[in-house]
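Chemist: Quick one: sequence and predicted model below, then my questions.
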Amino acid sequence: MLEFTPSYKKICILRLSAIGDVTHVIPVVRAMQKQWPGVEITWVCGKFEYKLLNIIEGINFIIFDKKKGIKAYRELWNALKSDHFDVLLHMQVAARANIASLGIKADIKLGWDKSRSRDFHQLFINHSVARENQQHQVQGFLSFARELGLQLDEPSWEIPVTEKARKFAEQYIDKDKKVLIISACSSHKLRNWSVSKYAELADYAVEHYSMQVILSGGPADIEVEMANEILASMRTSALNLVGKDTLEQLVGLLSKATVVVSPDSGPAHIANAMCVPVIGLYACTWSKRSGPYNSLEYCVDKFETAAKQYLNKSVNDLRWGTKIEKPGVMELIEVDEVCRQLDRVIKHSSDKTSVIKE
């Protein structure tokens, strides 16, 4: 741990992407805001990620638009040329972030330990977090806060639902039904479950629990096409909101869900941050590392099976963070396994409702 000093007044966070990862960083921000009142926080983030993060108060955001190429670095360095930070939290090991850090002046440049580094990350920092074996990503990010002397064990997100987001959600949510939101697509096609299995799950939710099923996702062609195919394959009906909300509105929508079903994706982590149960579908990645933090018990995880079947290895022989993105891996997840987890979530939510009424 760094020698704690109360003089940490200016902190810069460098985490450009992706949605799930920037969501993991928010508890670090909350810890600093609570324990260091008045701390000045600057966050260098991606253009798309800013659409989510801008609802977090008390942060000066600097947008890095990677599509601009070299110009993006020049704009970033020019924006920060008069700033000198006590600490740079260099939370991304990718080459793009490492190069960006060159124009950020800070006394302490705290980054990842060597075992979790790549792209020469260690050359761009002067301190690193402690090495941990098989640590969940949420706890990995919290280790940055602990290294600075902040006291915290578990994450707290406190993501606000704006009035605009609340009104958007209320347009579509049936208040008289339990709500299943299916966010069917990850950012990587091979991490997606099949159309037929999503459709079967949705029908199960409607036929067994009279749930309102909502399909959610971004405007990308793959997400629009998958949503249309799921609807066409269902016996029952669902509300298709794919491509119809912003990230800000998505927060409001997810906050109203009874349960969310998703592969390893940004919306899964946003829902988790909103304290909504998430049934994570994991086979290409391991939920122990990147599953929805508060819903690991609900994940259907076939990563260990995939390691044996596709790599002929035990998970303990794989580098932490290994991805098994091969055709057919996600088909290891069976519909009945996900339905059983849905049963558990519904039972738990009913039990909680009964306790509240009593």
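Modeler: Okay, I see it. Residues are numbered from 1 along each chain as shown.
Chemist: so residue 12 sits in a strand?
Modeler: Yes. Assignment of residue 12 by DSSP: H, G, I helix; E, B strand; the rest coil places it within a strand.
Chemist: if I read this right, it contacts residue 84, doesn't it?
Modeler: No. With contact defined as Cβ atoms under 8 Å, residue 12 does not reach residue 84; the gap is 9.7 Å. Just so you know, the C-beta spots here come from the backbone N, C-alpha and C atoms, and that holds for glycine as well.
Chemist: so residue 85 makes contact with residue 104?
Modeler: Yes. Using Cβ under 8 Å, residue 85 is in contact with residue 104, at 7.0 Å.
Chemist: which residues are in contact with both of these two?
Modeler: residue 12 (Cβ atoms under 8 Å, 6 or more residues apart in numbering).
Chemist: For residue 12 and residue 84, indicate the residue with more neighbours.
Modeler: residue 12 (25 against 11; other Cβ atoms under 10 Å).
Chemist: so what's that one up against?
Modeler: 41-44, 80, 83, 85, 87-89, 104, 106.
Chemist: Which of these fall within strands?
Modeler: Among the contacts of residue 12, DSSP state E puts 41-44, 85, 87-89, 106 in strands.
Chemist: still on that earlier bit, highest neighbour count among the contacts of residue 12?
Modeler: Busiest of the contacts of residue 12 [other Cβ under 10 Å] is residue 89, holding 29 neighbours.
Chemist: any idea how far it is from residue 323?
Modeler: Distance, residue 89 to residue 323, by Cβ to Cβ, to the nearest Å: 25 Å.
Chemist: buried stuff in stretch 295-308?
Modeler: The neighbour-count check on stretch 295-308 (16 or more other Cβ atoms under 10 Å) flags 295-296, 298-303, 306-307 as buried.
Chemist: First-to-last residue distance for it?
Modeler: This stretch, stretch 295-308, spans 25 Å end to end (Cα to Cα, to the nearest Å).
Chemist: Residues in contact with it: which ones?
Modeler: With Cβ under 8 Å, 6+ apart, stretch 295-308 has contacts from 272, 277-288, 291-292, 313-315, 318, 322, 324, 326, 329, 332-333, 337-338, 341, 344-345.
Chemist: 7 Å - rerun?
Modeler: 272, 277-283, 285-287, 291, 313-315, 318, 324, 329, 332-333, 337-338, 341, 344-345 (Cβ atoms under 7 Å, 6 or more residues apart in numbering).
Chemist: ranges for the strands of the stretch 251-358 of the chain?
Modeler: In chain order, the stretch 251-358 of the chain shows strands spanning 259-263, 278-282, 300-301, with DSSP state E, counting those that start in this stretch as the criterion.
Chemist: Any chance of JSON lines for those, columns distance to residue 138 and mean pLDDT?
Modeler: JSON lines is the format used below for these (distance: least, Cβ to Cβ, whole Å; pLDDT from 0 to 100):
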{"stretch": "strand 259-263", "distance to residue 138": "16", "mean pLDDT": "98"}
{"stretch": "strand 278-282", "distance to residue 138": "13", "mean pLDDT": "98"}
{"stretch": "strand 300-301", "distance to residue 138": "16", "mean pLDDT": "98"}
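Chemist: Quick one: these as CSV, columns for distance to residue 166 too.
Modeler: Output for those, formatted as CSV (distance: least, Cβ to Cβ, whole Å):
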stretch, distance to residue 166
strand 259-263, 18
strand 278-282, 21
strand 300-301, 31
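Chemist: can you tell which of those is closest to residue 128?
Modeler: Nearest of these to residue 128, taken as Cβ to Cβ: strand 278-282 at 28.0 Å.
Chemist: Indicate each strand paired with the closest one and its parallel or antiparallel sense.
Modeler: Strand pairing for strand 278-282, using DSSP bridges, gives strand 259-263 (parallel), strand 300-301 (parallel).
Chemist: average pLDDT for stretch 310-329?
Modeler: The pLDDT scores in stretch 310-329 average 96.
Chemist: That stretch: end-to-end distance?
Modeler: With Cα to Cα, one end of stretch 310-329 sits 8 Å from the other.
Chemist: and what of stretch 74-86?
Modeler: Note: stretch 74-86 ends 22 Å apart using Cα to Cα.
Chemist: One more: stretch 292-303?
Modeler: First residue to last in stretch 292-303 (Cα to Cα) measures 15 Å.
Chemist: gap between that stretch and the chain center?
Modeler: Relative to its parent chain, stretch 292-303 has a centroid offset of 13 Å by Cα atoms, centre = their mean, to the nearest Å.
Chemist: cool, stretch 234-247 as well?
Modeler: 21 Å.
Chemist: What are the buried residues along that stretch?
Modeler: Neighbour count says stretch 234-247 has 234, 238-242, 245, 247 buried, by 16+ other Cβ under 10 Å.
Chemist: Likewise for stretch 115-125?
Modeler: 116-117, 121-122, 124-125.
Chemist: Just the buried subset of the contacts of stretch 295-308, please.
Modeler: 272, 277-283, 285-287, 291, 315, 318, 324, 329, 332-333, 338, 341, 345.
Chemist: Show me the shaky parts of this structure.
Modeler: Within the chain, the segments meeting pLDDT under 70 span 1-7, 353-358.
Chemist: Which residue ranges make up the domains of it?
Modeler: 10-147, 163-357 (automatic domain parsing).
Chemist: May I see the ones you listed organised as JSON lines, with distance to residue 153 added?
Modeler: Shown next, in JSON lines, are the domains of the chain (distance: least, Cβ to Cβ, whole Å):
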{"stretch": "domain 10-147", "distance to residue 153": "8"}
{"stretch": "domain 163-357", "distance to residue 153": "13"}
